[in-house]
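Q: fold the stuff below for me.
(3 chains)
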Amino acid sequence: MGFRFVVEPWTAAAPKRRAALSLCTALAAAGVLGSLVFALAGVAPGAAWLAMARGALGSAYSLSEILVKAAPLTLTGLAVALCCRINLWNIGAEGQFVFGAIASCAVGLFAPAWCPPHLLLPLALAAGAAGGAAWALGPALLKARLGVSEILTTLLLNYVAVLFMEHLYFGPWRDPEGMGFPGTAELPDFVWLPTFGDTRMHWGLPLALVLALALWWLLARTRWGFRARVLGESPKAAAYAGFRAVRITVTALCLSGALAGLAGAGELLGVQHHLQDGLATGLGFTGIIVAFLARLNVLAVPFAALLLGGMLVGADQLQTDLRLPGTAILALQAALLFGALLGEFLAGKRVRVVRTGKREDRHGA
Amino acid sequence: MLEKQEPPLLSCRGLTKRFASPAEASGGGFVLANAGVDLDLRAGRVHALLGENGAGKSTLMSMLSGWHRPDAGTLALRGAPLVLGSPAAAMRAGIGMVHQRFSLVEALTGAENLALADGGRVSARRTKELAQRFGLALDPGKRVSEMSMGERQRLEILKLLARDAHILILDEPTSVLAPAEISGLYASLRRLADQGRAVVLITHKLSEIAGAADEVSVLRRGRMIAHNLPRDPALADGWDMAELSRLMVGRDVPDCVASSVPPSCVLGAQDDGLQGAEHSETTLSVRGLTAQSGQGEPPAFADVDFEIARGEILAIVGVAGNGQEALAATLGGMERPARGKITIQGRPYDRALVAYVPEDRHGAGTVPNLTLAENMLLSTTRSRGAIFARGAGSRAARKALEALNVTASGVNALARELSGGNLQKFILARELSKGAPLLVVEQPTQGLDVLAVCDVHAAILKAAETAAVALVTGDPAEALALARRVAVVYRGRIAGVVAAGDADAFERISRLMAGLAPVEAALAEVAR
Amino acid sequence: MRAPKISAVLLSLAALALFSLTTAAQPAWAAAKKTRVAFVLLESINDQGWTTAHHDGIEYMKKSLGNQVEVSYTENVLSPTDAERVIRNYARQGYDIIFGTTFSHMQPMYKVAAEFPNVKFMNCSGFKTRPNMGTYMVRVEQGEYLAGYMAGLMGFKDVGTVATQPIPEVVRGINAFTLGLERGLTESKTKFDPNKVNTIVWLKSWRDAVNETTLAEVLVAQKHDLIRQMADTSDSSKAACLKGVPAVGYGTDAAKYGASCALTSTIFQWGPVYTDIVKQVMAGTWKSEQIFSGFEGGGVGLASFGKAVPKAVAAKVLALKAKMAKGDDMSFVGPIVDQAGVERVKKGQKLPDQELLAMRWFVKGVFGKLPE
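A: Modelled structure (predicted):
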C-alpha cells in the first residue's frame, strides 16, 4: 500500500567524488533544515542567512573571532576523530578538556618561584595535554582490559571533571582577592598564550593546525598509525595480523585525551586566564560534531571547525538583528548539525522509492 | 511414485537470479545466485531444502517470499501464474517466511507483536485461541525480550498463520533452538502440514531432515541438483544420507583438473611417491589441542592430535560448524587454545612460523579500505621501527601481484576493489612470500570462479613442495584433489583420517562428515 | 516546496561571498537620539529563574521608558569567551550602556570596558569597576530577613534550606533568613533550639531540577517543618508541596510556577534598578558606582502571601517591610553571633557592605557547614 523508501549503499562513485558529493549534500541538507527553523521562528530564511553571514564574515573582527572558536574545536574534533578511526567513542572530550585546563592552571598558579618564567608556558601546555591524557587513561584501561564501554565511562567522567573543577575554584583554588566569588586568580601573564595583534586569536590555532598535520602523519605514515587504522577498519584483521588491540586502544584514547586536554589548556591560557564558571560549555561535545562533519578525516577537521565556529559566531547576529530567541538559535544549531550529518549519510546512499501496493501514484516523488 | 497429480501449491520453473558483484561493481561482474531452479511445494508436505552455505537457498526463498524478483523463470500458485512484487504481495498469496533473525519488537508482548503484524487489535484472548488452534504453546502476555528462542520462533510462525499463510518457509529454524526444542518444532511443523499447508525447511544439516521432512531438494552453487526426492521408507533415515551429502557438497573434482591448467594441478592429489619417505621430517605436530569454551558450551574442538610433514598437505574437512573453523584460527594464531600443544619444527608455537590464509578474505585476511601495499604489510610487517615501510610494502605487493598473476589496477588499489579470486591470490602470495614452514589455508576456493580455483590450487601445491600445508575446507572434493590424507572433523573431534588414494575415499569422507562412521574405526586411523 | 529552500542555500552561499568583501557598519540613523541599551543574558529568557527575572526587568524598563530607548539582548551567554565577543560586539555597534547579568560576565566586561571608554558598562553581582564600569545587585537579604521573620512568627522552628553554591551572596541570604526567623520565633514566643533553626544542604549548582527535588524530599523526610528554596527554579518548593510541607520560594514567585504551598517568595525586581540606571545615562548623570538596591530602591520584593499565612502575621511583616522601604535596613543589625558563639556584630551596630559582600561565615542557628 503506497510507497516505501529504500536506502541502499551506493559504492559506485570514486572516493574523492564521494567526499565532494557528501560535502554538498551535507551543506544542502543543513541549509534546508536551517531554513525550516527560520521559517518556523517566523523570519525569512534568506534574511536570516544573510544576517548570519554578516555576523560571521562581516568584519575582520568577526573573522578573528571565528578563529578564536576554531582553535579549541579543531583540537577536540581531532580528539574525537582519532578515536572514531579506531572505532572508539570518546564522548569524554569535554571532561578531558576540563582536566587539561585544570592541569595547566595548576602550573600557572603554583609554579615554584625558581622556575624560569619562559619555561612555564610550554610546561603549562604539556601539563594540559598530560591532564587530558590522564583523564582518558581510566576509561582506556577499563575498555582494553575489561571491555567496559568507553562511551559510558568517558561520558560519566565528564561530569566528574566538571564537578572537580568547580570544587577547585569554589574551594581551595578560589581567588583570595575575589570577594568570595568562584574562580581562581588571574594567571600570571607569562603563561598566557601570545595573541596576534589586538585580536583574541592566540597561538592555540597554529598549534592545532600543526597537530592536525602531525596526527595525519601519525595515522598515515607510522607503524602505530597503520596498526590503529587496521584495528579501526577491522578488528578481525588486526587479530589476524597479531596487533595488540589493548595497547593500541589505550594509546589512542590517551592521545585523544591529550588533544582535548590541550584544547582546554589553550582556552584557559589563550582566552580566559581564569579557571571559572563557563569554561566547560560543550566545546568537547561539539568536537564530536566537528569530527563527523570532517568525515573523520583529520586534515578536514580544521575546516569543519572553521565552519562550525563561523556558524556559532554568525548566530550572534540572529539574536541582535532579527530578534530570534536564544532557543531558536539552539534549535538552528541542532538542525544544521543534524542536516549536515543526514546529508553526509545520504551521500553514501541512494534513495529509491519502491511501490509496495497497487494503488496509483499519489506520492509525486 | 505416481500419485494423483493435483497441481502443486506452489511451483517454480527456471528461476534465475543474478546479483551485481560488489567486488566488481565497476566492471559489471555478476554472481549467479540461482540458475534455472525448479521446485514444487505440495500441500501436506514438509519439504527440506538442503544446501551448503552460499548454495543459493536464501536467494531462492527470498524470491518465493517476494523480497527479490527473479531475473527469469516463473512461479505458479495452484497452477495459476504468480508474480510477486513485494513481501506484502507474497503474504497476500499466502506465502510467509520466518527468517533466521526474527523480526519481533522485544519490548512488546506476544499479543502486541501479533497485532502489529496483522493489523488487528491487541487481544490476549485472540492470540491464545490462535496459538491453541495451531498447537503452538505461547503466553500472549509475555514480553518478547523474556521469551526463549523457541517461543519467539513460535510467535513468528503464528504471525504468518494469523495472516493465513499456506506456505511457510523457515530459514535454518533449528540453528537458534536448544536440542529439546527441536523435536517440539518438528511436531508443530508436522501438524501444520497435516492441516493442508506446505512447509519448507531450509537447512544445511543433514541430521535434521531425517526426523522432519517428507521430501528433499538439494541446491549446489545456485543449481537445483536434485528436487523433490521423496522419502524412501526402506531406509531408516528416509534417505541415503551419504548420497545426499555427496549431492550437497558435489562429487565433481574441481573443473580445472580436467582442463588446461598447470601440470601439478592435473596430477591432482599429492601422490604418495612424490614426496619421498613417509617418515620425512615432521613440521607440525598437534597434541591434545582443545579450544577455549564459553560458559556452558562445549569447546569448538577438543583433544585434537595430528602431524604434518614437510612437503605434505593434510586436508581437514567438516561440515560447517563442526569446529574446523576454530581449529584453523588456532593454527593461524588468531585464537589461543585452552590446552594442548602445537609444535612447529620442534619449536613451540610462534606465529612467525605460520603463513595463514583465513576463510574471511575481506574481513580478516585483508582490510577492504586499505590499499594492497598496506594490506601487504598486514602480516609481514616487522615489529621494529616507528615509520612504517610504505615503500617496502609497495615493492612487496608488486612482487606478490606478479607472483600469482593477480589482476589489480596497481598496488594502490583498495583491497575491496579486487574480485574474490584475485584477492585470494593476493593473500596467498603475501603469505607465501613469508617462506614460513607451515601454511594454513582455510576454505581457499569458496565462492571463486573456476580459473581462480585452479590458480589457488596450483599455488597451494607449489607451496607444499617446501612447507607443510594444513588445508581446511568444507569441500571433500577439494580435499581429495589436493591432499594426501584427509582428516574429517565431526563435532569438534577428528572422526577419522582417510587416505586420499583409497578407492572409496569419497564415500568414507562423506559418511564421516555426516557423523555416520563408527568412531572406533576413526580412532584406529588416528593412532597410525 | 523544496525549491525555495535550496535557493535560500544558494543565496546564502552567494551572500557569504558578498559579505566577505564588504564591511557592514551599523547605519548611524538607527541610533538617532534613542539611548541604546544592551543586555548579555546568561540563559534563555524562558529559564523560569535568573534570566527570566532579568528579562522581566528589561520589559519593565522598556515599558517605563517607552521609545526613548532601543533595547537589544543576547541569550545563552554562558562562556566568558563568548561573553567577551558579545559584549565587544555591542560596544563596537555603539551601544550606550551594556549590562552583564551575571558574575561570570565580569572579567570579560572588565577587559572590554578598558577598550571602549565612551561606552558604559554595568555588571550584575560582581566587584570589579572602572570609571566606565559599575556594578549592581539587589539586597535580597532584606527580603530573606522578612521571609524568615514571617516563618518565625508562624512558629516554624526547624527549617530545611536547599542552598545552591557557597558564595557570599548565598551565605548572606541564609544568615538573613535565619536572623529573621529567630526574631519571629522570639516574638511569637516559640521555643527553639538556638543552634539549629535552619538546616542547610548544598546543591552545589545554581539549578538542578532532579537534585533540588531529591534534597527537598530528604529534608521533608527528616521532619523539617518548612522548606526554603534557594535555587532560582521552584523545584524544591514543588517537591515540598507534594509532600505536604510549606515552602518559601526564591527569585521569582514560586506560586506562579506551580508551588501552590509557597507561603511567599523573595523576588528579584530588576526593573526599577534598570530603569534608574538607564535614566541616569539618558540624563548624563551616570557615574561608576556599586549599586545595591533593597526595598528602598524596589530591587527586592516579597510575593503575595499564601493562604496559610495568618492576617496578623502578614500585617506584622508588611509593617517591617514599610520600615525597610524607608531605609531602615535591620537585616544585619547586631548583636550577631556566629556558629562558634563569637560575637561578630555588636549590639546596635550594622554590618558594613564590604563585609556583607565577602561574607563566609554562618550565624548561630544555622545548622550545616560552608563547604571548602
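
Q: so residue B:236, which of the three states?
A: coil (DSSP: H, G, I helix; E, B strand; the rest coil).

Q: can you pull the pLDDT of it?
A: Residue B:236 carries a pLDDT value of 78.

Q: ok, residue A:288 next?
A: pLDDT at residue A:288 comes out at 90.

Q: that one: which element?
A: Per DSSP states H and E: residue A:288 is located in helix A:283-293.

Q: same for the helix or strand containing residue A:46, what does it pack against?
A: Using DSSP H and E, residue A:46 maps to helix A:45-57. Judged by 3 or more CB pairs under 8 Å, 6 or more residues apart in numbering or on different chains; DSSP states H and E, the packing partners of helix A:45-57 are helix A:15-40, helix A:60-85, helix A:301-322, helix C:3-21. All C-beta spots, glycine's among them, are computed from the backbone N, C-alpha and C.

Q: out of those, which comes closest to chain B?
A: Nearest to chain B among those is helix A:15-40; the distance by CB to the nearest CB comes to 8.2 Å.

Q: quick one: average pLDDT of that closest one?
A: Over the span of helix A:15-40, the pLDDT mean works out to 80.

Q: is that helix in proximity to chain C?
A: Yes: using CB under 8 Å from any CB of the partner chain, helix A:15-40 reaches chain C at A:27, A:28, A:31, A:32, A:35, A:36.

Q: pretty sure the fifth one contacts residue A:47?
A: I take that to be residue A:35. No: when contacts are counted by CB atoms under 8 Å, residue A:35 is not listed as touching residue A:47 (11.1 Å).

Q: between those two, which one's more packed in?
A: residue A:35 (26 against 15; other CB atoms under 10 Å in any protein chain shown).

Q: and the helix holding residue A:46, what's buried?
A: Using 16 or more other CB atoms under 10 Å in any protein chain shown as the burial criterion, the residues of helix A:45-57 that qualify are A:45, A:46, A:48, A:49, A:50, A:51, A:52, A:53, A:54, A:55, A:56, A:57.

Q: and of the residues you listed, the nearest to residue A:309?
A: For the buried residues of helix A:45-57, the closest approach to residue A:309 (CB to CB) belongs to residue A:56, at 8.4 Å.

Q: which residues does the nearest residue to that closest one once chain neighbours are set aside contact?
A: Nearest residue to residue A:56, sequence neighbours excluded (CB to CB, 6 or more residues apart in numbering or on different chains): residue A:314, at 3.3 Å. By CB atoms under 8 Å, 6 or more residues apart in numbering or on different chains, residue A:314 lies in contact with A:51, A:52, A:53, A:54, A:55, A:56, A:57, A:62.

Q: ok, the closest residue to the second one other than its chain neighbours to residue B:356 distance?
A: For residue A:52, ignoring the flanking residues on the chain, the nearest one in space by CB to CB, 6+ apart is residue A:314 at 3.8 Å. As for residue A:314, its distance to residue B:356 is 55 Å (criterion: CB to CB, to the nearest Å).

Q: lowest-confidence helix or strand of chain B?
A: The helix or strand of chain B with the poorest confidence is helix B:263-267; it has a mean of 38 (mean pLDDT, DSSP states H and E).

Q: tilt between the helix holding residue A:46 and helix A:301-322?
A: Helix A:45-57 runs at 120 degrees relative to helix A:301-322, counting by axes from the mean of the first three to the mean of the last three CA atoms, to 10 degrees.
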